[in-house]
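[1] Everything below, folded, please.
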Amino acid sequence: MSLNSFGARDTLAVGGQSYTIYRLDKAAAALGANLDALPFTHRILLENLVRCEDGVSVDRAQIESVAKWVATE
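    Sure thing, here's the model as predicted:
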């Protein structure tokens, strides 16, 4: 289970079942990041990092780095 440092964990109820989800909009707001500026593949990576954050193999600094990525072209 993720450390949820950015308050992204939420619950989705569908057909009487509850599922744990991680909302990128909440993570981005907590990080001050603009999701629209990120390439789609970076958003997928960011969601995976937020979901897998454990403080050891995935830490806050790694998530911040991906969220605040800036194109250098």
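
[2] How far off centre is the host helix or strand of His42?
    Element membership for His42, per DSSP states H and E: helix 40-52. When distances are taken as CA atoms, centre = their mean, to the nearest Å, helix 40-52 is centred 6 Å away from the chain's centroid.

[3] do the same with stretch 53-60
    Distance, centroid of stretch 53-60 to centroid of chain: 12 Å (CA atoms, centre = their mean).

[4] likewise stretch 64-73?
    14 Å.

[5] List the buried residues in it.
    Glu64, Val66, Ala67 (16 or more other CB atoms under 10 Å). Just so you know, the C-beta spots here come from the backbone N, C-alpha and C atoms, and that holds for glycine as well.

[6] Looking at the last one now. What's its pLDDT?
    Residue-level confidence at Ala67 comes out at 94, pLDDT.

[7] circling back: and the contacts of the helix or strand following the helix holding His42?
    Going down the chain from helix 40-52, the next helix or strand is helix 60-67, by DSSP H and E. With contacts defined as CB atoms under 8 Å, 6 or more residues apart in numbering, helix 60-67 is touched by 5-6, 27-28, 31, 33, 38, 42, 45-46, 49-50, 53.

[8] Please spell out the PyMOL selection for the buried subset of those residues.
    Buried members of the contacts of helix 60-67, defined by 16+ other CB under 10 Å, are picked up in PyMOL with:
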select buried, resi 5+6+27+28+31+33+38+45+46+49+50+53
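
[9] will you turn the contacts of helix 60-67 into TSV that also has pLDDT and distance to Ser18?
    Rendered in TSV, the data for those read as follows (pLDDT from 0 to 100; distance: CB to CB, whole Å):
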residue	pLDDT	distance to Ser18
Ser5	94	22
Phe6	96	21
Ala27	95	20
Ala28	94	24
Leu31	94	26
Ala33	93	28
Leu38	92	29
His42	94	29
Leu45	96	26
Leu46	96	24
Leu49	97	23
Val50	96	19
Glu53	96	21
